[in-house]
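Chemist: Predicted structure and sequence below. I'll ask about it afterward.
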Amino acid sequence: MSVLFFFPWVASRGELQLGELSMIPYEREQAPREMNGVSQEIIDAIIGNYGDVAYPPQPHAFTNIRQATLLRWNSDADGLELSENQIFDRLEQARYIAFSALAQRRFCSHDGYCNAAGYEVIAQRFVVERPGSISIAARRRDGFTQTYISRTSSPRFIRPEHVDSRLLLGIDEALLCALLGLPPSEFKDQIDDAIATFLLANSDSPAIPAHTELVLLRSAFEALLDASHRASDLRTKFGDHFANELPNPPQWETGVFTETVWRDRWPQNTRPLDAWVQDFCNARNSAAHGSRVNGQPSIWGSQDHLLFSSWLFPLMVKKVLTDAGLYQLREEDLAARRGCEAFLAHDLLSRIHENSDERWWNRIESKILHSILSEILLTLIEPENKQ
């Protein structure tokens, strides 16, 4: 059967091709005109099932989305007919796109933010004679069920409220190319499992509570580092992963969470990041099993843990890919990894002072970026001094 792949909630400024994969702008009644023998009219009918809330003077409650992003592979045949194995492989690659978008998002900023729900990919089976009629498969505890939906004049699936209506395609292209280049192996399976779990923890969906996201993120780190469920093993794997990158001796920043605070709560830690791993595992265990299982509360609240771990995880994926010879860490990646412990001294989402809108997250991030600029200036000044 024919299958159309697309991101219904993501608009594109122009076509982007990376290897065999192309991301193509869709505009209702305008573009792409035709794709692999499938006409604009058919594509409009398929994507016509997706819409936005309409506002006056629109006569209806919902309106068709006007823009989206189509996915096409060089090996696609006319009519977009695919086997089940091809569909599975391409859904996996679409998850790489979503992850590559989340890896470069900005936090605590008016622009540059996205979530996994915004990069939901649709693999829609269709028949040319009835392109607007679709069949939806849903899981059940005893298998699955399918629901047939005939073509209607109004969209059936509406953009979730937690997805930005102005979401534009924005990805880390180098990271995506590295992921697309993963050869079939246990290593690829490990990366795929980690990314899939990370995306589940970063949907921003109100249906997934924060304590569930903590559990999922811990699982993502375990999959990425091939760690067991024991906190001591995860601490060891973190230590190995960041070996020779973090300041030595450890630097404990000044803030509300001082060295004394961390050491009093976690006396066995060796450095700030090690203490954070213990605290993160403690918060995860409380989320999964209840607060009584740990006795003492975590130093950080769940929101700080979710923010920091969601920022740190892509940097760790990049390092794992670099070690495999598939990626090269950029200067900003290296600086972020070296400076990551600076975040741990602060309540990340609190204001730096009462009359400021700036958060501690922004202050530390700016400090890390400033370190890159300082290094660049030094490299420019040194040759002049030699002359």
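Modeler: That came through, no problem.
Chemist: Before we go further, residue 177 is sitting in a helix, right?
Modeler: Yes - according to DSSP: H, G, I helix; E, B strand; the rest coil, residue 177 belongs to a helix.
Chemist: so residue 123 is in which element?
Modeler: If you go by DSSP states H and E, residue 123 is part of strand 122-126.
Chemist: for that strand, packing partners?
Modeler: strand 2-7, helix 40-47, helix 84-102, strand 134-140 (3 or more CB pairs under 8 Å, 6 or more residues apart in numbering; DSSP states H and E). Yep, even glycine has a C-beta here, placed from its N, CA and C like the rest.
Chemist: Now stretch 94-110: buried residues?
Modeler: Neighbour counts over stretch 94-110 (16 or more other CB atoms under 10 Å) mark 94-103, 105, 107-108 as buried.
Chemist: Residue 71: which element?
Modeler: Secondary structure assigned from DSSP H and E places residue 71 in strand 67-73.
Chemist: so how far is that strand off the chain centroid?
Modeler: 19 Å (CA atoms, centre = their mean, to the nearest Å).
Chemist: Show me what that strand is packed up against.
Modeler: Using 3+ CB pairs under 8 Å, 6+ apart: strand 67-73 touches strand 2-7, strand 21-27, helix 84-102.
Chemist: quick one: contacts of the second one?
Modeler: Outside of strand 21-27, the residues within contact range by CB atoms under 8 Å, 6 or more residues apart in numbering are 6, 11-17, 31-32, 35, 43, 47, 66-74, 93, 97, 169, 180.
Chemist: Check the shortest one too.
Modeler: Defining contact as CB under 8 Å, 6+ apart, one finds that strand 2-7 is touched by 26, 38, 43, 46-47, 68-72, 79-82, 87, 90, 94, 97, 119-128, 169.
Chemist: just the buried members of those?
Modeler: Here, 16+ other CB under 10 Å leaves 26, 38, 43, 46-47, 68-72, 80, 82, 90, 94, 97, 119-122, 124-126, 169 buried among those.
Chemist: Just checking: what are the partner strands of the strand holding residue 71?
Modeler: strand 2-7 (antiparallel), strand 21-27 (antiparallel) (DSSP bridges).
Chemist: Let's see the longest one as CSV, backbone CA atoms only.
Modeler: These are the backbone C-alpha positions of strand 21-27, laid out as CSV (Å, rounded to 0.1, in the frame of the first residue of the first chain):
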residue,chain,number,x,y,z
LEU,A,21,16.5,11.7,3.0
SER,A,22,14.7,14.9,1.9
MET,A,23,12.5,17.2,3.9
ILE,A,24,10.2,19.0,1.5
PRO,A,25,7.9,22.0,2.3
TYR,A,26,4.2,21.4,2.0
GLU,A,27,1.8,24.2,1.3
